[in-house]
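>>> dropping a prediction and its sequence here:
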Amino acid sequence: MPRKSTTALISLLSRERTMLKTGALQHLSDIRTEKEAAITMLEKLPPEAEELDEILTLARRNAVMLEAVIAGVEAARQSIAAAHGAQRSLTSYSASGQARELAEHRHDLEHKA
């Protein structure tokens, strides 16, 4: 029968997985303290080998998911930056093949007194 400390950590890892799957990334930090406390309990009363295997499997699965989430967020950030940069300038080429940047045309209004 799993110990309370083992059950608590397994439950937290399951909650973490749900957060990763649903994109509720803002809540990941909410369970950090709880995970640290559960790990501290495990250090005081180590789990059985079978329980430890389950915990490690769940933790590795979440780590892989977290890496994928981080890569996805970074890819989205780069796409947004590229799209934003494309709106600011345009590269044109002369007849001789020289590249030149055409700056964004600003539509600022000037107010004169």
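Thanks, I have it. Keep in mind that what you see is a predicted model, and the values were worked out from it rather than measured. Numbering: from 1, shown residues only.
>>> low-confidence ranges, this structure, go.
1-2, 85-89, 103-113 (pLDDT under 70).
>>> switch to 90 and redo it
1-6, 30, 39, 42-47, 79-113 (pLDDT under 90).
>>> the residue positioned nearest the centre of it and residue 44: what is the separation?
When C-alpha atoms, centre = their mean is applied to the chain, the residue found nearest the centroid is residue 70 (3.4 Å). Distance of residue 70 to residue 44, computed by C-beta to C-beta, to the nearest Å: 32 Å. Any C-beta I mention is one placed from the backbone N, CA and C, and that applies to glycine too.
>>> ranges for the helices of the chain?
Here the chain has its helices, by DSSP state H, at 4-22, 32-44, 49-88.
>>> now do the phi/psi pair for residue 97.
According to degrees, to the nearest 10, the main-chain angles of residue 97 amount to phi 90, psi 10.
>>> ok, now residue 94?
phi -80, psi 170.
>>> ok, how many other residues are close to it?
By the criterion of other C-beta atoms under 10 Å, residue 94 has 8 neighbours.
>>> roughly how far apart are the nearest residue to it once chain neighbours are set aside and residue 92?
Computed as C-beta to C-beta, 6 or more residues apart in numbering, the closest residue to residue 94 that is not its neighbour in sequence is residue 100, at 6.6 Å. As for residue 100, its distance to residue 92 is 6 Å (criterion: C-beta to C-beta).
>>> so how far is residue 15 from residue 24?
Taken as C-beta to C-beta, the span from residue 24 to residue 15 is 10 Å.
>>> which ones are touching the residue lying closest to residue 15 once chain neighbours are set aside?
Closest residue to residue 15 apart from its sequence neighbours, by C-beta to C-beta, 6+ apart: residue 31 at 6.0 Å. By C-beta atoms under 8 Å, 6 or more residues apart in numbering, the residues touching residue 31 are 12, 15-16, 19.
>>> now, of those residues, which are buried?
Among the contacts of residue 31, those classed as buried by neighbour count (16 or more other C-beta atoms under 10 Å) are 12, 15-16, 19.
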